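Visitor: just the structure for this:
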Amino acid sequence: MCGIIGIVSNQPVNQTLVNSLKGLQHRGQQAAGVATMDGNFMHLKKAVGLIKEVITKYDMDYLQGNAGIGHVRYPTFGSANDPEQAHPFYVNSPFGIMLAHNGNLTNAIELRDDVLRKNHRHVRTLSDSEILINILAFELEQLTVNKLLDNDKIFQAIFNLNKRIAGGYAVVSLIANYGLVAFRDPFGIRPLILGKKVVNGYETHLIASESCALEINGFQIVRDINPGEAIIITLDGKLESKICHDNPKLSPCIFEYVYLSRPDSIMENISIQLVRRRMGKYLAQTIKKHNLDFDVVIPVPDTSRSIAVEVANELNKPFREGFVKNHFIGRTFLLSDPEQRKIAVRNKLSPIGVEFKDKNILLIDDSIVRGTTSKEIINIIRHCGAKFVFLASAAPQIRFPNVYGIDMPTHHELVAYKRSDDEIAEAIGADKVIFQTLDKLKQSITDFNVDVKDFDTSCFDGKYITGNITEEYLNSLITVN
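Guide: Have a look, this model is predicted:
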């Protein structure tokens with residue numbers, strides 16, 4: 001998962017880009033980058049690290065221009081620590097193009113061969129995003145033999161690109177001396193939203209992964225970019241959009257609502273905060289069926305807090321904060337090494353011992369992925385003197401890899417893979433584990449927008465909506481180190 005941003009304005013955009021990326025930092029904490037454009041001049045700074053570490057005062061002086069894109073990265077394809085694989089990427093033929101990408105191309109291996117052997121283009125890294133920018137460049141080149149570019153040719157190039165690539169993707173791109181181009185995959189798996197702000201009569205447009213990045217800078221939400229849609233904003237501020245796919249169908253990633261997105265974001269006209277509160281209400285109904293004897297409800301901070309509050313209210317039990325969280329430690333779920341996750345959990349969560357001693361604890365989490373974090377938290381709770389520890393997950397059992405841009409890469413790393421609920425409880429040291437049903441999770445979202453009917457739920461049910469995921473492909477996945 002990653003966070004992307006794109007903007008066209010009538011004034012310098014470097015500070016707006018940096019502000020927005022700080023708001024999207026939760027979507028990627030291993031690398032960051034900003035690219036700006038001043039006519040034909042394109043400026044780029046990217047590196048491994050947080051956005052505040054990557055972009056210095058010197059860089060802000062360098063990153064001039066009224067159009068730009070930005071990226072915060074958590075890698076699911078390619079190396080995590082290679083600064084060359086930070087975004088944005090750049091090519092100079094047939095036009096100067098910069099591109100940032102959130103998602104994962106599931107046919108990247110075949111595409112790489114096509115790019116090298118058939119399109120005669122060079123790639124320097126293992127990143128599927130570098131493949132993507134080269135395919136975009138190639139498709140533009142085929143339509144601009146006379147080197148003249150217009151919106152219709154860009155839309156056609158994206159239409160042709162969408163026929164070649166598969167997976168989940170949201171993209172922002174700069175074309176030298178032309179403008180900003182953004183597009184979303186035909187299932188709308190990865191999010192992308194459009195905002196605007198009028199200053200002194202000029203309408204500035206901003207495109208981002210989440211609406212929180214818009215509101216940080218005083219932009220109003222216009223709408224979500226539709227599945228298969230491309231948007232072009234020229235340097236004079238004119239916006240045009242077009243559906244660039246024959247059969248688009250909205251099926252957003254359900255994990256965006258469960259965990260990935262900030263609670264103050266709006267996706268598909270749905271408040272993430274309200275969804276998580278509704279998840280708590282329905283989870284309480286599921287918990288009731290198990291007749292548990294517990295004293296307090298305690299969340300695993302932070303995502304689960306609003307869920308746990310609703311569980312406590314519905315079950316008429318006390319809600320308590322059991323952990324002090326160190327917010328300078330990144331998301332432990334995003335760490336690929338089990339030992340790193342264990343150490344990070346210890347550094348990240350300090351228990352408030354009085355809330356656990358001699359009590360039966362109902363621990364609420366949004367989801368359980370590898371189980372390493374859950375096991376370490378339960379160990380901490382027991383060390384504080386808890387008598388029983390029950391863990392309730394607001395999401396179903398995660399038994400399948402996510403291949404559309406979230407790091408759930410192999411079956412065998414998932415604690416629920418080929419395990420019953422009792423076996424999962426034993427593996428993580430809980431006295432009992434309760435999972436929400438997929439139907440209730442979906443209802444938590446559709447309660448707020450009946451027009452959103454389908455989701456990518458592949459990590460729960462193994463149904464991959466792009467239709468090109470085989471067992472051979474899943475077996476070929478490796479963990480990024």
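
Visitor: so where's this structure uncertain?
Guide: 75-80, 328-346, 409, 478-481 (pLDDT under 70).

Visitor: so which residues of the stretch 251-400 of the chain form strands?
Guide: Under the criterion DSSP state E, counting those that start in this stretch, the stretch 251-400 of the chain contains strands at 266-267, 270-271, 296-299, 323-325, 349-351, 360-365, 388-393.

Visitor: could I get those as TSV with mean neighbour count?
Guide: All C-beta spots, glycine's among them, are computed from the backbone N, C-alpha and C. Converted to TSV, those look like this (neighbours: other CB atoms under 10 Å):
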stretch	mean neighbour count
strand 266-267	22
strand 270-271	20
strand 296-299	25
strand 323-325	15
strand 349-351	17
strand 360-365	24
strand 388-393	24
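
Visitor: in TSV: the ones you listed, plus distance to Glu240.
Guide: Converted to TSV, the strands of the stretch 251-400 of the chain look like this (distance: least, CB to CB, whole Å):
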stretch	distance to Glu240
strand 266-267	24
strand 270-271	27
strand 296-299	45
strand 323-325	45
strand 349-351	48
strand 360-365	44
strand 388-393	44
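
Visitor: nearest to Glu256, out of those strands?
Guide: With CB to CB as the measure, strand 266-267 is the member of the strands of the stretch 251-400 of the chain nearest Glu256 (6.3 Å).

Visitor: partner strands of that closest one and their direction?
Guide: strand 270-271 (antiparallel) (DSSP bridges).

Visitor: ends of stretch 51-60, how far apart?
Guide: 12 Å (CA to CA, to the nearest Å).

Visitor: then stretch 384-394?
Guide: Distance across stretch 384-394, first residue to last, is 25 Å (CA to CA).

Visitor: go on, stretch 417-431?
Guide: OK, stretch 417-431 end separation, CA to CA: 19 Å.

Visitor: and stretch 384-395, by the same measure?
Guide: Stretch 384-395 has an end-to-end distance of 27 Å (criterion: CA to CA).

Visitor: ok so, going back, how about the strands of the stretch 251-400 of the chain, which one is nearest Ile406?
Guide: For Ile406, the closest of those is strand 266-267, at 15.3 Å, according to CB to CB.

Visitor: ok, residues contacting that closest one?
Guide: The contact list for strand 266-267 (CB atoms under 8 Å, 6 or more residues apart in numbering) reads Pro191, Ile193, Glu210, Ser211, Ile221, Asp224, Pro252, Glu256, Tyr257, Ser261, Ile272.

Visitor: among those residues, the buried ones, what's the PyMOL command?
Guide: Of the contacts of strand 266-267, the buried ones go into a single PyMOL selection, burial set by 16 or more other CB atoms under 10 Å:
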select buried, resi 191+193+210+211+224+252+256+257+261+272
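
Visitor: please flag which of the contacts of strand 266-267 sit within helices.
Guide: By the criterion of DSSP state H, membership of the contacts of strand 266-267 in helices covers Ile272.

Visitor: nearest to Asp421 among the contacts of strand 266-267?
Guide: Tyr257 (22.8 Å).

Visitor: for the closest one, give me its contacts.
Guide: Counting by CB under 8 Å, 6+ apart, Tyr257 has contacts Met267, Ile270, Ile272, Val275, Arg276, Ser444, Ile445.

Visitor: please apply the same query to Pro248.
Guide: With CB under 8 Å, 6+ apart as the criterion, the residues that contact Pro248 are Pro186, Phe187, Gly188, Asn226, Pro227, Gly228, Glu229.

Visitor: go on, Tyr62?
Guide: The neighbours of Tyr62, taking CB under 8 Å, 6+ apart as the test, are His43, Lys45.

Visitor: repeat for Leu391
Guide: Taking CB under 8 Å, 6+ apart, one finds Leu363, Ile364, Asp365, Ile368, Ser374, Ile378, Ala425, Ile428, Ala430, Lys432, Val433, Ile434 in contact with Leu391.

Visitor: and the residue nearest to the third one when sequence neighbours are not counted, how many neighbours?
Guide: Here the nearest residue to Asp365 in space, its sequence neighbours aside, is Val300; by CB to CB, 6 or more residues apart in numbering that works out to 4.4 Å. Using other CB atoms under 10 Å as the criterion, Val300 is surrounded by 25 other residues.

Visitor: for Asn200, see how far away Ser367 is.
Guide: Per CB to CB, to the nearest Å, Ser367 is found 46 Å from Asn200.

Visitor: looking at these two, which is more packed in?
Guide: Comparing Ser367 with Asn200 by other CB under 10 Å, the one with more neighbours is Ser367, at 23 against 6.

Visitor: picking up where we left off before, what is the nearest of the contacts of strand 266-267 to Asp293?
Guide: Using CB to CB, the contacts of strand 266-267 come closest to Asp293 at Tyr257, 31.1 Å.

Visitor: in stretch 401-411, what counts as buried?
Guide: Those would be Pro401, Asn402, Val403, Tyr404, Gly405, Ile406, Asp407, Met408, Pro409, His411, for stretch 401-411 by 16+ other CB under 10 Å.

Visitor: contact partners for the nearest residue to Cys384 once chain neighbours are set aside?
Guide: Nearest residue to Cys384, sequence neighbours excluded (CB to CB, 6+ apart): Phe356, at 3.8 Å. Contact analysis of Phe356 by CB under 8 Å, 6+ apart lists Ile298, Gly322, Ile381, Cys384, Gly385, Ala386.

Visitor: list buried residues within those residues.
Guide: Buried members of these, counted by 16+ other CB under 10 Å: Ile298, Gly322, Ile381, Cys384, Ala386.

Visitor: quick check on the last one: phi, psi?
Guide: So that's Ala386. phi -70, psi 140 (degrees, to the nearest 10).

Visitor: now do Lys249
Guide: Per degrees, to the nearest 10, the backbone of Lys249 is at phi -150, psi 120.

Visitor: so it is in contact with Phe187, correct?
Guide: Yes: when contacts are counted by CB atoms under 8 Å, Lys249 is listed as touching Phe187 (6.0 Å).

Visitor: of these two, who's got more company?
Guide: Phe187 (25 against 13).

Visitor: do you know how far the more buried one is from Gln156?
Guide: Applying CB to CB, the value for Phe187 to Gln156 is 21 Å.

Visitor: what's the answer for Asn66, then?
Guide: Taking CB to CB, one finds Asn66 at 27 Å from Gln156.

Visitor: Asn291 now?
Guide: Distance from Asn291 to Gln156, by CB to CB: 61 Å.

Visitor: what of His120?
Guide: Using CB to CB, His120 is found at 21 Å from Gln156.

Visitor: pick out whichever of the two has more residues nearby.
Guide: Gln156 (17 against 8).

Visitor: surely that one is within a strand?
Guide: No: judged by DSSP: H, G, I helix; E, B strand; the rest coil, Gln156 forms no part of a strand; its state is helix.

Visitor: surely it touches Thr144?
Guide: No: if you go by CB under 8 Å, Gln156 and Thr144 don't touch, sitting 10.3 Å apart.

Visitor: now the end-to-end length of stretch 191-206.
Guide: Terminal-residue distance, stretch 191-206 (CA to CA): 14 Å.
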